[in-house]
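> Give me a 3D structure for the following:
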Amino acid sequence: FGSFERQHLKDAFRIIADLQEVAKLRFGSR
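Modelled structure (predicted):
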């Protein structure tokens, strides 16, 4: 488990967090 894998996981979590924020705004505006 190298630094490359750790960075990839960090990017994945950031993308997931962004998607959750977008979904929250989209569904919250209804």
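
> For the spatially most central residue of the chain, pull up the helix or strand it's in.
In the chain, the C-alpha closest to the average C-alpha coordinate belongs to Ile16, at a distance of 2.1 Å (C-alpha atoms, centre = their mean). Here Ile16, judged by DSSP states H and E, is contained in helix 3-28.

> which helices and strands sit right next to that helix?
Packing partners of helix 3-28 (3 or more C-beta pairs under 8 Å, 6 or more residues apart in numbering; DSSP states H and E): none among the helices and strands. Bear in mind the C-beta positions are built from the backbone N, C-alpha and C, glycine included.

> for stretch 9-23, what is the average pLDDT?
Stretch 9-23 shows a mean pLDDT of 97 in the predicted model.

> Give me the distance from that stretch to the chain's centre.
1 Å (C-alpha atoms, centre = their mean, to the nearest Å).

> With stretch 6-18 instead?
The answer for stretch 6-18 is 5 Å, by C-alpha atoms, centre = their mean.

> Repeat that for stretch 18-30.
13 Å.

> ok, and for that stretch, which residues are buried?
Buried residues in stretch 18-30, counting neighbours by 16 or more other C-beta atoms under 10 Å, are absent.

> Just the CA coordinates for that stretch, please, in PDB.
Output of stretch 18-30 as PDB, limited to C-alpha atoms (Å, rounded to 0.1, in the frame of the first residue of the first chain):
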ATOM      1  CA  ASP A  18     -18.300  16.800  -4.000                       C
ATOM      2  CA  LEU A  19     -21.000  14.600  -5.400                       C
ATOM      3  CA  GLN A  20     -22.800  14.500  -2.000                       C
ATOM      4  CA  GLU A  21     -22.700  18.300  -1.800                       C
ATOM      5  CA  VAL A  22     -24.100  18.600  -5.300                       C
ATOM      6  CA  ALA A  23     -26.900  16.100  -4.600                       C
ATOM      7  CA  LYS A  24     -27.700  17.900  -1.300                       C
ATOM      8  CA  LEU A  25     -28.000  21.200  -3.100                       C
ATOM      9  CA  ARG A  26     -30.000  19.700  -5.900                       C
ATOM     10  CA  PHE A  27     -32.500  17.800  -3.700                       C
ATOM     11  CA  GLY A  28     -32.600  20.600  -1.100                       C
ATOM     12  CA  SER A  29     -33.700  23.200  -3.600                       C
ATOM     13  CA  ARG A  30     -36.900  21.200  -4.500                       C
END
